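Participant: Okay, sequence plus prediction incoming.
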Amino acid sequence: MLRAGRLRNRIDIEKTRVTRDSRGGETDSWYTLISSVPCAFIQLTGREYYAAQQEFADVDIRVEMHYHRGVDETCRVKYGGKYYDIVAAIDVDSKHRELNLMLRKQKNV
C-alpha cells in the first residue's frame, strides 16, 4: 500500500509519437504524457539490486507511484534532468491502484 508520505519525488512520464515532415518522412518525438507525478524514486542497492538483476537486466531504480493508465515500457521517465527507460511497468496485485516502474538510465540522451 502506498502512503502519501513516501511520494516525495516528482517525475515526468514521456511517450513517443511518430510525426511526419513536409516530405512524408517519419520521425519519433517525445511528448509529456503526465507531468509532475508524485512518486517514491528508489535507487536499488544491495539485496534489492541483486533481486532486480535476476529478473530485469540492468535495472537501477524502482519507482513506486499511483496507477496511471497508458504508462508502459514504451514510455520513459524524466527525473532530475536525466532520462530513464522503463524496463517493466508492474500493476501491483493487478488492482489498478499502484504501479511500480523498473528503470534503467539512458546512455545516449
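Facilitator: Looks like it came in fine. Residues are numbered from 1 along each chain as shown.

Participant: Can you show me the helices along the protein?
Facilitator: Secondary structure of the chain (DSSP state H): helices located at 46-55.

Participant: Below-threshold pLDDT in it: ranges please.
Facilitator: Per-residue confidence for the chain (pLDDT under 70) gives these ranges: 1, 4, 45-58, 108-109.

Participant: Next up, the contacts around residue 78.
Facilitator: Residues near residue 78 by C-beta atoms under 8 Å, 6 or more residues apart in numbering: 11, 12, 13, 14, 84. The C-beta positions use only the backbone N, C-alpha and C, and glycine is treated the same way.

Participant: From what I see, the first one and residue 37 are in contact.
Facilitator: Yes. Under the contact definition of C-beta atoms under 8 Å, residue 11 touches residue 37, with a separation of 5.1 Å.

Participant: joint contacts of the two?
Facilitator: Here residue 11 and residue 37 have residue 65 as joint contacts, going by C-beta under 8 Å, 6+ apart.
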